[in-house]
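Trainee: coords please:
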Amino acid sequence: MLHFIDTEIPATMAPMDAVKDMRLLELGIGTWESCLAARWDKFDSLTTVSARFWPSAALLEQLAQEHDGFLLTDNDGKLLAETGTSKNAVLADKESLLIRYPWDLLKVHEEILSGIRQSSLSGTVRDGAVIDGTVILGEGAVLLPGVFIEGTAVIGKNCRLGPNCYLRGCTFIGDNCHIGQAVEIKNSIVMHHTAVAHLSYFGDSIICPETNIGGGTIASNFRHDGKNHRSMVAGELVETGRRKFGTVIGPGVHTGIHTSIYPGRKLYSGTSTLPGEIVKKDLK
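Mentor: The predicted structure is shown next:
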């Protein structure tokens, strides 16, 4: 593993899409398997770093060929980083996944859940509930009649789903959630203590904890022209790279009945909507 000497981060050492003006978090599906948490932890200024650090994919290939340690220097021979001679570090096979924007969580979410191969049902599945996929069901959770699940779903403890709701794609439901009558959740992350009680649709969306979704709330996830979605960040539209992208709803949000949310819009923590409100722009 690399230890940087105080210096500017070399371009070859950071992901190609990394930027210095924000903190970044990289999830360790790739890079070094033995130590996954610290890549970005030691950024204490915009330009310098003195910390253990993971290299880019190109440098990983070079490191894999080295057996007696590796030194990285700049063009003037100044030492930038070194691996040491540890034999315990193991290179992973996959690229790591960079999380910079909320929608990056969906990519990680899809990657993790698509790797689940076997169901585990610790809760109760009532007669009339149908599982047509892979489901992890937590203790105390109940699937009521009419629940239909296809794809991969992870459902936390003490959840109540149904009657008559539909989960598809890769879907995560946190602990103590209620997904009720005529609700469809597709390829989304629903965090703990959230209620989506009736007549709602969320696709390719993220709903944070302690949120209550009013009946009839619909989040669109598709543009009429079929192009990738863009989302506003710090006053600029940012390309998400996603053709399907719904909404990101922060903690403690309450939506009024029949709220309609344009695709790619964000509802910030603690906000609320009126009955029948149309969310055309981010709500802060």
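Trainee: Wasn't Lys107 part of a helix?
Mentor: Yes: Lys107: assigned to a helix according to DSSP: H, G, I helix; E, B strand; the rest coil.
Trainee: That one: how many residues sit nearby?
Mentor: 15 (other C-beta atoms under 10 Å). No exception for glycine: its C-beta is placed from N, CA and C like everyone else's.
Trainee: do you know how far it is from Ile99?
Mentor: 9 Å (C-beta to C-beta, to the nearest Å).
Trainee: Surely Tyr101 is in contact with Glu236?
Mentor: No: counting by C-beta atoms under 8 Å, Glu236 is not a contact partner of Tyr101; they are 11.9 Å apart.
Trainee: which one of the two has more residues nearby?
Mentor: Shown here are Tyr101 and Glu236; by other C-beta under 10 Å, Tyr101 has more neighbours (16 against 8).
Trainee: SS state for the residue lying closest to Leu161 once chain neighbours are set aside?
Mentor: Closest residue to Leu161 apart from its sequence neighbours, by C-beta to C-beta, 6 or more residues apart in numbering: Ile179 at 4.7 Å. Put simply, Ile179 is strand when judged by three-state DSSP.
Trainee: dump the residue contacts of Ile179.
Mentor: Ile179 is in contact with 159-162, 165, 167, 173, 185, 190, 196, counting by C-beta atoms under 8 Å, 6 or more residues apart in numbering.
Trainee: Throw the residues you listed into JSON lines and include neighbour count, pLDDT and distance to Ser120, thanks.
Mentor: As requested, the contacts of Ile179 are arranged in JSON lines below (neighbours: other C-beta atoms under 10 Å; pLDDT from 0 to 100; distance: C-beta to C-beta, whole Å):
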{"residue": "Cys159", "neighbour count": "23", "pLDDT": "98", "distance to Ser120": "14"}
{"residue": "Arg160", "neighbour count": "18", "pLDDT": "98", "distance to Ser120": "19"}
{"residue": "Leu161", "neighbour count": "30", "pLDDT": "99", "distance to Ser120": "16"}
{"residue": "Gly162", "neighbour count": "22", "pLDDT": "96", "distance to Ser120": "19"}
{"residue": "Cys165", "neighbour count": "25", "pLDDT": "98", "distance to Ser120": "20"}
{"residue": "Leu167", "neighbour count": "29", "pLDDT": "99", "distance to Ser120": "16"}
{"residue": "Ile173", "neighbour count": "27", "pLDDT": "98", "distance to Ser120": "15"}
{"residue": "Ile185", "neighbour count": "26", "pLDDT": "98", "distance to Ser120": "20"}
{"residue": "Val190", "neighbour count": "27", "pLDDT": "98", "distance to Ser120": "19"}
{"residue": "Val196", "neighbour count": "28", "pLDDT": "98", "distance to Ser120": "23"}
